[in-house]
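# Sharing a model that was predicted from the sequence below.
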Amino acid sequence: MVNVQKFIEKAIVQIQKEAGDDKVVMALSGGVDSSVCAALAARAIGDRLVPIYVDTGLMRKGETDRIRTLFGDLNLHIVDAADEFFAVLAGLTDPEEKRKAIGEMFVRVFEREAKRTGASHLLQGTIYPDRIESEGGIKSHHNVGGMPLHMEFKSVIEPIADLYKDEVREVAGGLDLPLEIQHRMPFPGPGLAVRVIGEVTREKVEAVREANAIVEEYLVEEFRPWQCFAALVGQGTGVKGDVRLHGWIVAVRAVFSRDGMTADPLLLPYEVLTSMASRITSEIPGVARVVYDVTPKPPATIEYE
Ligand code: XMP
């Protein structure tokens, strides 16, 4: 990494030059990349930056409130689109169809809101590895989350396009973003939907959201994994309060990785595993069973879908 403060100064000048006197719109997810871009652009152009946060209903527990607290000083647009997302997901069980439906809905909501803002530039948190990946496939211009936008912009501003993830984290530190953002685990674009096998319903997402919060509470600070989470992987029989229950099976996954391409499961202490399992089954009514996934990547991917 070059000098962080120098990078920040140069990025601010670049954004000012490209934006001119116009408004700039961006999709803010709260991950480290989009948070760094929002912080740079806010310093560069103030309230001519319009960050849009789409609440898909598939976000982690407390995410929307967290975004509001962190970025509420900006000209932040929070869009509650959960109903629309659950509507398009109804009846879909194929992982690729689910992903496609979420991506398309995201673009539709983002375009609708972006048009309203009257912005003429798009700011994107593309980083160097994304560029390499997209070179053979979808062009990164005019797209959000890999899906092409139908809108035209005067320019697409990509202030962190030459940085690797660890450099983005350093810049986040230089911008005084909270530690929680600097060290934030990767979270997939389709959100908790990839952590629910089969059809995505509100009830399942509620259960998996609670389970994810418990897993993060146990593991993030103490074990600093690359990623840790819970997924609803099916149903099985259990006994709760003397009643037999056909309840959810929650799989807990915690991995170390350098780049997400390969991963190794964490060797967690047995007491931690049993304590987590006990919290998950007692606090989430529909869960009857908790398992810990010990599969490396490959052969398993990190996420379940
Ligand atoms: P897998 O599950 O393929 O994931 O081993 C590798 C890394 O990528 C994240 N991931 C995604 N990120 N959109 C994203 O932005 C997606 O559709 C997506 N799928 C997986 C995953 O969380 C892990 O960090």
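Nice, thanks for sending it over.
# only C-alpha atoms for contact and neighbour calcs from this point on.
OK.
# burial measure for residue 219, as a count.
Residue 219: 18 surrounding residues under other CA atoms under 10 Å.
# same check, this time on residue 39
Residues near residue 39, counting by other CA under 10 Å, number 19.
# Just to check, it is in contact with residue 175?
Yes - look at residue 39 against residue 175 with CA atoms under 8 Å: they come within range, at 7.2 Å.
# who's in contact with the closest residue to the ligand within the stretch 101-250 of the chain?
As assessed by CA to the nearest ligand atom, the ligand sits closest to residue 188 within the stretch 101-250 of the chain, at 3.5 Å. Residue 188 makes contacts with residue 194, as judged by CA atoms under 8 Å, 6 or more residues apart in numbering.
# Show which residues not belonging to stretch 196-215 make contact with it.
Stretch 196-215 has contacts (CA under 8 Å, 6+ apart) with 58-61, 86, 89-95, 192-193, 195, 228-234, 250, 252, 276, 279-280, 284, 286-287, 304-305.
# Out of the residues you listed, which end up buried?
58-61, 86, 89, 95, 192-193, 195, 228-233, 250, 252, 276, 280, 286-287, 304-305 (16 or more other CA atoms under 10 Å).
# So which of these are in helices?
Counting by DSSP state H, the buried ones among the contacts of stretch 196-215 place 86, 89, 95, 276, 280 in helices.
# measure the third one to residue 32 for me?
When you say that, I think you mean residue 95. 26 Å (CA to CA, to the nearest Å).
# ditto for residue 126
With distances taken as CA to CA, residue 126 is found 11 Å from residue 32.
# Next, the residue nearest the centre of the chain: secondary structure please.
Closest to where the C-alpha atoms of the chain average out (CA atoms, centre = their mean) is residue 187, at 3.5 Å. On the three-state scheme (DSSP: H, G, I helix; E, B strand; the rest coil), residue 187 is labelled coil.
# Chain neighbours aside, what residue packs nearest to it?
Nearest residue to residue 187, sequence neighbours excluded (CA to CA, 6 or more residues apart in numbering): residue 31, at 7.5 Å.
# do the same with residue 295
residue 265 (6.5 Å).
# where's residue 295, which helix or strand?
For residue 295, there is no host helix or strand (DSSP states H and E).
# Would you map out the domains in this protein?
The chain breaks down by the TED database into domains covering 4-183, 202-292.
# Endpoints of the last one, how far apart?
Terminal residues of domain 202-292 lie 24 Å apart, using CA to CA.
# Are we agreed that residue 203 is in a helix?
Yes - Residue 203: assigned to a helix according to three-state DSSP.
# Model confidence score at it, please.
For residue 203, the model assigns a pLDDT of 97.
# Same check on residue 151?
Note on residue 151: pLDDT of 85.
# show me the contacts for residue 32.
With contacts defined as CA under 8 Å, 6+ apart, residue 32 is in contact with 168-169, 172, 181-184.
# ok, 10 Å please
Going by CA atoms under 10 Å, 6 or more residues apart in numbering, residue 32 touches 38, 125, 165, 168-169, 171-172, 177, 180-186.
# try residue 267
With contacts defined as CA under 10 Å, 6+ apart, residue 267 is in contact with 223, 254-255, 294.
# Give the bridge partners for residue 231, please.
Residue 231 forms beta bridges with residue 251, as assigned by DSSP bridges.
# Show me the shaky parts of the stretch 1-150 of the chain.
Residues of the stretch 1-150 of the chain meeting the criterion pLDDT under 70: 1, 133-142.
# which stretch of helix or strand covers the residue nearest to residue 239 when sequence neighbours are not counted?
Closest residue to residue 239 apart from its sequence neighbours, by CA to CA, 6+ apart: residue 245 at 5.6 Å. Using DSSP H and E, residue 245 sits within strand 243-256.
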